[in-house]
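[1] Got a predicted structure plus its sequence, pasted below:
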Amino acid sequence: MHRSVLLLLCLVVALLAGCGQKGPLVLPPAKPTTASSTAKPKVPAPASSSTAPTHQQQ
């Protein structure tokens with residue numbers, strides 16, 4: 001019984017010691033908030049344009 005508890009404890013310690021990123025915490029660069037707030041909305045295509053692809057014959 002003691003042997004299986006010791007084995008389980010060693011396994012848990014080994015798994016916890018090997019996980020995660022080593023070294024200092026690195027944060028991603030901050031995104032500028034002004035770019036998204038000044039973005040213009042997309043303008044829909046004119047109604048006269050066709051969305052079907054055109055095939056050109058040679």
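    Looks like it arrived, so ask away. What you are looking at is a predicted structure, and each value in this text was computed from that prediction instead of being measured.

[2] and Pro44, what does it touch?
    Applying C-beta atoms under 8 Å, 6 or more residues apart in numbering to Pro44 gives no contacts. No exception for glycine: its C-beta is placed from N, CA and C like everyone else's.

[3] low-confidence ranges in this structure?
    19-21, 33-41, 48-58 (pLDDT under 70).

[4] could you show me where the helices are in it, in order?
    2-17, 33-37 (DSSP state H).

[5] Which of these has the highest mean neighbour count?
    Comparing the helices of the chain by mean neighbour count (mean count of other C-beta atoms under 10 Å), helix 2-17 comes out on top with a mean of 9.

[6] export the helices of the chain to a markdown table and tack on distance to Pro44?
    Shown next, in a markdown table, are the helices of the chain (distance: least, C-beta to C-beta, whole Å):
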| stretch | distance to Pro44 |
| --- | --- |
| helix 2-17 | 55 |
| helix 33-37 | 21 |
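
[7] Out of those helices, which is closest to Ala47?
    helix 33-37 (29.2 Å; C-beta to C-beta).

[8] so how many other residues sit close to Leu27?
    Leu27 sits with 5 neighbouring residues when counted by other C-beta atoms under 10 Å.

[9] ditto for Gly18
    For Gly18, the count of nearby residues is 7 (other C-beta under 10 Å).

[10] From start to finish, how long is stretch 31-44 in a straight line?
    28 Å (C-alpha to C-alpha, to the nearest Å).
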